[in-house]
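Q: Turn this into a model:
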Amino acid sequence: MRRLIQSWPVVRQLMGGDPWGRGAAVASRQSVELAPRTRSADRVARSVCPYCAVGCGQLVYVKDGNVIQIEGDPDSPISRGRLCPKGSASKQLVTGPQREQRVLYRAPYATEWRELDLEQAMDLVAERVLDARDRGWQDVDEQGNTLRRTMGFASLGGATLDNEENYLIKKLFTALGAIQIENQARI
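A: Numbering: from 1, shown residues only. Next up, the predicted model:
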């Protein structure tokens, strides 16, 4: 019975020289044996949070080729180790069971999705972009002024892309003749 009473944290706190309960008196065996899941990681990769244009730094802990934890990078001059709730939950983007690992396609007027291989899907996208470009092409205006543009499509970029990706998208759409090129971060 005495041993049971001495195992209570409040008794250890008052009798063991830890009256404020900030040390060993309040530690349970379970809490003493706990170890962070990041300790078992094989490697740590530095990354940037994909959710918004802020660019918070992340540390991605990898074990056996799988992401086991994502935390804020304390060396990041932008976020200094902090992440918003979405950034803190970004591990779900990589490991979530709802993440689609294959290309799905639903043809016009179809009711079912079917799986495509990536090369076939990329060819389909390229054909549709070129078709929309050709159908919306304007070579000259009513006065004969040279335009060389398409009104067949536009680009609205997302803020999850970094500057380099946005630069390349701008170059691509400009080369295709699009003039309506915008980014969500600027709107």
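
Q: Work out which residue lies at the spatial centre of this protein.
A: For the chain, the residue nearest the mean C-alpha position is residue 50 (3.4 Å; C-alpha atoms, centre = their mean).

Q: In three-state terms, how would it be classified?
A: Under DSSP: H, G, I helix; E, B strand; the rest coil, the three-state class of residue 50 is coil.

Q: Wait, it touches residue 93, no?
A: Yes - the criterion here is C-beta atoms under 8 Å, and residue 50 meets it with residue 93 at 6.8 Å. Where you see a C-beta, it was placed from the backbone N, CA and C, and this is true even at glycine.

Q: Buried residues, the longest helix anywhere in the chain. List them.
A: For the chain, the longest helix by residue count, based on DSSP state H, is helix 118-135. Residues of helix 118-135 classed as buried by neighbour count (16 or more other C-beta atoms under 10 Å): 129, 132-133.

Q: Also stretch 77-85?
A: Of the residues in stretch 77-85, 79, 83 count as buried by neighbour count, 16+ other C-beta under 10 Å.

Q: and stretch 110-120, what's its mean pLDDT?
A: For stretch 110-120, the mean pLDDT works out to 95.

Q: Using the three-state scheme, assign residue 32.
A: Applying three-state DSSP to residue 32 yields a three-state assignment of helix.

Q: Give the burial count for it, as a bare number.
A: 8 (other C-beta atoms under 10 Å).

Q: Quick check: it vs residue 175, distance?
A: In this view, residue 32 and residue 175 are 62 Å apart by C-beta to C-beta, to the nearest Å.

Q: Likewise for residue 14?
A: Here residue 14 is placed at a distance of 76 Å from residue 175 (C-beta to C-beta).

Q: These two: which has the busier surroundings?
A: Neighbours around residue 14 and residue 175, counted as other C-beta under 10 Å, are more numerous at residue 14. The numbers are 13 against 8.

Q: my guess is that one is in a strand, correct?
A: No - with three-state DSSP as the criterion, residue 14 is located in helix rather than a strand.

Q: quick one: the helices in this structure?
A: Ranges of helices in the chain, per DSSP H, are 2-6, 9-15, 29-33, 85-88, 91-95, 118-135, 163-175.

Q: how far does the fifth one sit from the chain's center?
A: Read that as helix 91-95. Computed by C-alpha atoms, centre = their mean, to the nearest Å, the separation of helix 91-95 from the middle of its chain amounts to 8 Å.

Q: name the helices or strands packed onto the longest helix of the chain?
A: strand 103-105, strand 146-150 (3 or more C-beta pairs under 8 Å, 6 or more residues apart in numbering; DSSP states H and E).

Q: between the longest one and helix 118-135, how big is the angle?
A: Note on geometry: by axes from the mean of the first three to the mean of the last three C-alpha atoms, to 10 degrees, strand 146-150 and helix 118-135 are set 140 degrees apart in direction.

Q: Show me this protein divided up by domain.
A: Domain ranges of the chain: 2-33, 37-95, 136-183, per automatic domain parsing.
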